[in-house]
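*Asks:* got a sequence here, can you build the structure:
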Amino acid sequence: MKMNFSRFKHLYFQIAFGVFGLILDQWTKLWAVSYFSGSDRNKIIPFLGPNGDWLRFRLVYNEGAAFSLRPQDLMPFLPSWLFYLLISVVAMGVLIWFFKSIDKRDWLSRLGVIMIISGALGNFVDRMRIGKVVDFIDCDFPDFIMTRFPVFNVADSYVTIGLVLIFISPILLKRTHSLIKKEKELKNAIH
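*Replies:* Numbering: from 1, shown residues only. All right, here's what the predicted structure looks like:
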């Protein structure tokens, strides 16, 4: 049975998927903040696994950048909101340039870039709105390297899945990538 991925190949679908991710991210963060606010902010909602240990929800605020790095440590002369604004503008510019450079037939990589942009925008909105990122998904992978996986959110998931799509695209779309490469080689040989 062959899967039909034709709708994923259309730019409008990819953009809609990115917008959906941004809306879902913001909606779930609003839910987490409203549910966990109040006197019992350290509340945990078990969801999956024995005693809810594999997947649970709890509210955590990340006041740093990726992996909790703090902008004050990297550039102490910049206010943190300006640091995040500058980094986000540069990152968005690079991602948009990268998106435009991807052949339209490589729909998987293009979808991956849109997912990364969507996730980055989701966390950027948090930083500009409240000065920190709302995280609430707490997973544990038994017998993994660390005690618990860092708490994350929908935006983080979009970024991670987007990166995975970009890296596996040459494997899953091997024929398409081979054709694109041959066309580039032929074009370069002509010029």
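*Asks:* now the helices for the chain?
*Replies:* 11-36, 71-74, 80-101, 107-130, 154-172, 174-190 (DSSP state H).
*Asks:* tally of neighbours for Lys184?
*Replies:* Residues near Lys184, counting by other Cβ atoms under 10 Å, number 11. Where C-beta positions appear, they are placed from N, C-alpha and C, glycine not excepted.
*Asks:* now Met115
*Replies:* Neighbour tally, Met115, other Cβ under 10 Å: 25.
*Asks:* quick check: it touching Ile166?
*Replies:* No: in this structure Met115 lies outside contact range of Ile166 using Cβ atoms under 8 Å: 9.2 Å.
*Asks:* and Phe57, which of the helices of the chain is closest to it?
*Replies:* Taking Cβ to Cβ, helix 11-36 is the member of those nearest to Phe57, at 6.9 Å.
*Asks:* can you give me the buried ones in the closest one?
*Replies:* 14, 17-18, 21-22, 24-26, 28-29, 32-33, 36 (16 or more other Cβ atoms under 10 Å).
*Asks:* so of the helices of the chain, which one's packed in deepest?
*Replies:* When these are scored by mean count of other Cβ atoms under 10 Å, the highest mean neighbour count falls to helix 107-130 (a mean of 22).
*Asks:* got the angle for that one vs helix 174-190?
*Replies:* 100 degrees (axes from the mean of the first three to the mean of the last three Cα atoms, to 10 degrees).
*Asks:* residue nearest the centroid of this protein?
*Replies:* Centroid-nearest residue in the chain, with Cα atoms, centre = their mean: Val159, separated by 1.7 Å.
*Asks:* excluding its backbone neighbours, what's nearest that residue?
*Replies:* Gly119 (3.7 Å; Cβ to Cβ, 6 or more residues apart in numbering).
*Asks:* residues contacting the one you found?
*Replies:* 21, 25, 154-160, 162 (Cβ atoms under 8 Å, 6 or more residues apart in numbering).
*Asks:* dump the residues you listed to JSON lines, plus pLDDT and distance to Arg41.
*Replies:* Output for these, formatted as JSON lines (pLDDT from 0 to 100; distance: Cβ to Cβ, whole Å):
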{"residue": "Gly21", "pLDDT": "97", "distance to Arg41": "27"}
{"residue": "Asp25", "pLDDT": "98", "distance to Arg41": "21"}
{"residue": "Val154", "pLDDT": "97", "distance to Arg41": "20"}
{"residue": "Ala155", "pLDDT": "96", "distance to Arg41": "21"}
{"residue": "Asp156", "pLDDT": "95", "distance to Arg41": "21"}
{"residue": "Ser157", "pLDDT": "96", "distance to Arg41": "23"}
{"residue": "Tyr158", "pLDDT": "97", "distance to Arg41": "26"}
{"residue": "Val159", "pLDDT": "96", "distance to Arg41": "26"}
{"residue": "Thr160", "pLDDT": "95", "distance to Arg41": "26"}
{"residue": "Gly162", "pLDDT": "97", "distance to Arg41": "31"}
